[in-house]
Structure formats: C-alpha cells, structure tokens
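A.B. asks: quick one, fold the following:
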Amino acid sequence: MKALFKMAPLFVFGCLLLGCGDKTMVGDTGPGLSIRASADRVFVGETVTIVAKTKNTLGKDSRVDWHSSTGDLKTAEEGRRAQIAFNAAGSYRVDATLIVDGHEVGHDAVTIDVKPLP
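C.D. replies: I've put the predicted structure just below:
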C-alpha cells in the first residue's frame, strides 16, 4: 500500500507531462449542411416537409437554395424549411445548397418515392 502512495506522484506527473484520458480532437469547423425529409415515400398530392440543418453559419450571410426538377416547391423560415408536393408517381430528388458569403459551401439531397393513389 505504501508503494502505491509513493508511485502516485509519478503517475500524476506522467499524466501532466504526457497527457491522460480521452483527448477530444477538433474536427472540421467550417460551415455545413444536412437535410432530412419528413417522409421518403408518399402518395401523389401529399406534402413532404424537408428541414435543413446548418452548422457554423452564425454571423455570416448564409442561405439555403432548394431545387427540384418537378413538384410544387415552397420554402419557409428563411429557406431553412421546404415543402413539396408531386402530382405524378415516380422517384424524385430534392437538392439543397448552402451558400455562405456568396460561396457554395455545402450540398445535400433527398429522394422521395411518390406512389399513385390507391
């Protein structure tokens, strides 16, 4: 037991010198974008809500641009949310692009499968 107490200061000094425990690495801190749809399968005429989640855009001039080749696309909450409805069955892609200070810095897309009415 006495030996343990004698080694404790060496252990503490070693931890201070070399570092101990879990080290958290700082990752990419640039702006980013991810989007998520309320559903990935709907019937013709149903509305899907797609929400954009941005990171590290505080204090910057940023916006999300939405695009779909078809469908009735509307945005809300300063472009952070989109709603879209399709009038024909098929598989459709909705794209979102994050623009920060005039530069494209992020992109994400979702695919929505639209089924015919039963």
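A.B. asks: only C-alpha atoms from now on, for both contacts and neighbour counts.
C.D. replies: Will do.
A.B. asks: show me where pLDDT drops low in this structure?
C.D. replies: 1-28 (pLDDT under 70).
A.B. asks: for it, what spans make up the helices?
C.D. replies: For the chain, helices defined by DSSP state H occupy the ranges 2-18.
A.B. asks: just give me the residue right at the centre of it.
C.D. replies: Ser34 (2.5 Å; CA atoms, centre = their mean).
A.B. asks: tell me the bridge partners for the nearest residue to Thr47 once chain neighbours are set aside.
C.D. replies: Of all residues not flanking Thr47 in the chain, Ala85 sits nearest, at 4.5 Å (CA to CA, 6 or more residues apart in numbering). Per DSSP bridges, the residues bridged to Ala85 are Thr47, Asp72.
A.B. asks: same check, this time on the one 5 residues further on
C.D. replies: The residues listed as beta-bridge partners of Gly90 by DSSP bridges are Val114.
A.B. asks: so who does it touch?
C.D. replies: Asp113, Val114, Lys115 (CA atoms under 8 Å, 6 or more residues apart in numbering).
A.B. asks: count of neighbours near the last one?
C.D. replies: In other words, Lys115. For Lys115, the count of nearby residues is 17 (other CA atoms under 10 Å).
A.B. asks: for the second one, same thing?
C.D. replies: Counted by other CA under 10 Å, the residues lying close to Val114 total 21.
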